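Asker: Model the following, please.
(chains A and B)
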Amino acid sequence: MLTAVREVQIPLIAALMLGACSAKLLRALRTWSVDAGLGPTALFPMRMRRPLAMVFCAIECGLGIGLILTAGRFGSGPPANCIRLGAGLMFLVATSALIELRAVRPDVGCGCFGDFSTAPVSGRTLARAALLAAAALSTIGLPPVAAPKPGTDTIRLLILMVTELVVLAALSPELGEGLIRLGYSEPCELRALPTERTLAALHRSKQWRRHAGLITADAPTDVWRELCWRYAVFPARYGDRDTEVAFAIFLKPRRPTIHVAMVDALTGEPITWPAPPSTPADARDRYGSRQTQHVAG
Amino acid sequence: MAAGPLARGCCDRCPRAVAGAAAAVTAPGAAVARRRLMKAAVFPARVGQEMPEPGSARGNADPSGIGFADAGQLPRAISGTVIDVSPQVLVLGDDADTQRFTLTPDVTTWRGGRLDPAALRPGDHAVLRLRTSSRHTIDRIWANIGRVTGVITERSGGTLVVDEGATRRPRVVSIQPRAFGRIQVRFPTLEPGYLIDIIGVHRDGELDGMIPATSQPAYPASRLPHPPLVSGHVPDAIRGSATWHEPLEEPSSVLGVCYPALDPDTGCAEDAAGRHSHGYARMPYLAIGSVLRVTNECTGLDCTLPVTGCAPVAKLFNDRCVTCGTSPRGRIADLTLASFVALGGELEGGCFNATITIGE
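Answerer: Numbering: from 1, shown residues only, chains lettered A, B, ... in the order given. The predicted structure is shown next:
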């Protein structure tokens, strides 16, 4: 059983190292700066951060590949033990560096998985690094790993692997960030929608056609946005009074919900709309269920 | 969260300390009120819910009914020129208009470092915070304090030229030799293209840099990292770092907040200049005149403030505020000096952990 636990560590640690290295490289490619990932390199002077980040990334990649290559009979013995010892030492150093980082720069993320590791170093991050150090050191002296026999051995290995993955996921603040990215759709509050499109949608709407007779200018006197709504104010004339018609248009590209009100141009007091037609059919048309009209005042 | 009388007190304006302040405040205030009236007409129920504290003393004076500061109340944050100072009294103002404030032994004063209030000199520009219990008694004094936040454009030894945005003139900051080490720990790359945020003391039109206001982001300003994604609806309350900026052209008593995510169609001069269209913090789009409730998590004070401008430089920072705990990354509000002081912020600290509430 213990041997099986030790055998599971090698592919897991190798996968984590290669994943971490890839995430750092992706970030470096996107920002064109290898030191932009921060993490423990933030503890060093600026001129040393770039080379240190590159060295750290190269070591991760080398150890990850080395762990896989020496897992079997190839390179078994001292070479494999050296690589496993190196992996263990790397995680020990990382744990110590993260403790220091947490004390000196509590605002900086660990940078372990590039963009995903922006959350400040927490107890979970430290526990993960310590656990991986112990896991890597436990593989020293392990005989060459052979392919498991189909049946009980395979199932047992799978259960061990899944269990350890669950533990690591629980210790990884990066998981939440990754899940957000998988199912992301931009909220309407953050969606950029040009004013022209909003006004075009307004001009196509039933609400606009209904009140166009009152409005005296094509261009709005004021347009602004708050959260998911864009407001447009048009000058209008109702009877012998100068008024303003304010529209609130929900920010979605097609058939937006629109609310409208009329106010006195001088005082800003809401004005009651002209009385609706008397027949029920006309009333339904005038106060449609989709585009609601607020009778102010 | 502190609310009620204490919170209302933080919103008091300073109508007299700076000449012309009231007039300057009225125009944008009218625009804000007009938009609020329009919004209230379109969404009567919703805006009715947004009007807190119906029994508040501010309600009658504020036509928009939002709960902004009432200019008739005594001020909490005041700035002006020191006319005279004695161990018990500080006289602030100019030859035409002066105000006297009581100094107590526990008043702390800052001018590049802690000093005795009696060490203030006539001619110093002072920012005062008054006690909530007695509006003639000083709680805190900052003298000649200044801040430069922006992108380094030139460097010559310890002197930096900093771009604070398209709407402001470049600023010059001279880092004092005794402060150089401390600043370089937090700002290791004092090179053109990188961000800087330094607090110091005004001298002869320049700023003597004394204190790093934050830690330098590792990226150049032109390579802003992508902000973290937000799923679902944006929460009404957003946490992050709130900073302050120098008034420069605006009256120093203006209460307001520069918001880092104005609608791109608003015509913000920074966007028109083709600089950075988005910031680090993912925040909902608002407009000039939108209303925020800003809460200082460190003091519990909160205040309803109008959005008075965009924050072209603040939005480039992905730093955290660690004044009381660690805030989420990103600057969510760049407050006017008066707002920051009124909310209990320490100017030399540079930031406070803040929560902003939109559309409450």
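Asker: Show me how far the lengthiest helix in chain A is from its chain's centre.
Answerer: Longest helix in chain A by number of residues (criterion: DSSP state H): helix A:2-31. Distance of helix A:2-31 from the chain centroid (Cα atoms, centre = their mean, to the nearest Å) equals 21 Å.
Asker: in that helix, what counts as buried?
Answerer: By neighbour count with 16 or more other Cβ atoms under 10 Å in any protein chain shown, helix A:2-31 contains the buried residues A:5-10, A:12-14, A:16-24, A:27-28, A:31. In this view, the C-beta of every residue, glycine as well, is placed from N, C-alpha and C.
Asker: C-terminal to it, what's the next element?
Answerer: As assigned by DSSP states H and E, the chain's next helix or strand after helix A:2-31 is helix A:46-69.
Asker: For the residue located most distally from the centre of chain A, give me phi and psi.
Answerer: In chain A, the greatest distance from the average C-alpha position (Cα atoms, centre = their mean) is reached by residue A:240, at 54.7 Å. Torsion angles at residue A:240 (phi, psi; degrees, to the nearest 10) stand at phi -110, psi 20.
Asker: what's the spacing between it and residue B:280?
Answerer: 53 Å (Cβ to Cβ, to the nearest Å).
Asker: Could you do residue A:158 as well?
Answerer: Taking Cβ to Cβ as the measure, residue A:158 falls 42 Å from residue B:280.
Asker: So for the two, which residue has more residues nearby?
Answerer: residue B:280 (24 against 12; other Cβ atoms under 10 Å in any protein chain shown).
Asker: The more buried one: what secondary structure?
Answerer: Following DSSP: H, G, I helix; E, B strand; the rest coil, we place residue B:280 in the coil state.
Asker: biggest strand in chain B by residues?
Answerer: strand B:145-156 (DSSP state E).
Asker: Sheet-wise, list the partners of the following helix or strand past that strand with their directions.
Answerer: As assigned by DSSP H and E, the chain's next helix or strand after strand B:145-156 is strand B:159-163. When pairing is defined by DSSP bridges, strand B:159-163 lines up against strand B:145-156 (antiparallel), strand B:171-175 (antiparallel).
Asker: Off-centre distance for strand B:159-163?
Answerer: Relative to its parent chain, strand B:159-163 has a centroid offset of 21 Å by Cα atoms, centre = their mean.
Asker: I'd like the average pLDDT over it.
Answerer: For strand B:159-163, mean pLDDT is 90.
Asker: Can you give me the buried ones in it?
Answerer: For strand B:159-163, by 16+ other Cβ under 10 Å, it's B:160-163.
Asker: next one: stretch B:283-300
Answerer: B:283-299.
Asker: Around the residue of the stretch 51-200 of chain B found nearest chain A, count how many other residues there are.
Answerer: Closest to chain A within the stretch 51-200 of chain B is residue B:188: 3.6 Å, counting by Cβ to the nearest Cβ. Number of residues near residue B:188 (other Cβ under 10 Å) recorded here: 19.
Asker: What pLDDT does the model give it?
Answerer: Reading off the confidence values, residue B:188 has pLDDT 87.
Asker: Would you confirm that it belongs to a strand?
Answerer: No: counting by three-state DSSP, residue B:188 is located in no strand; its state is coil.
Asker: so how far is residue B:176 from it?
Answerer: Going from residue B:188 to residue B:176 by Cβ to Cβ gives 18 Å.
Asker: ok, residue A:106 to residue B:96 distance?
Answerer: Distance from residue A:106 to residue B:96, by Cβ to Cβ: 49 Å.
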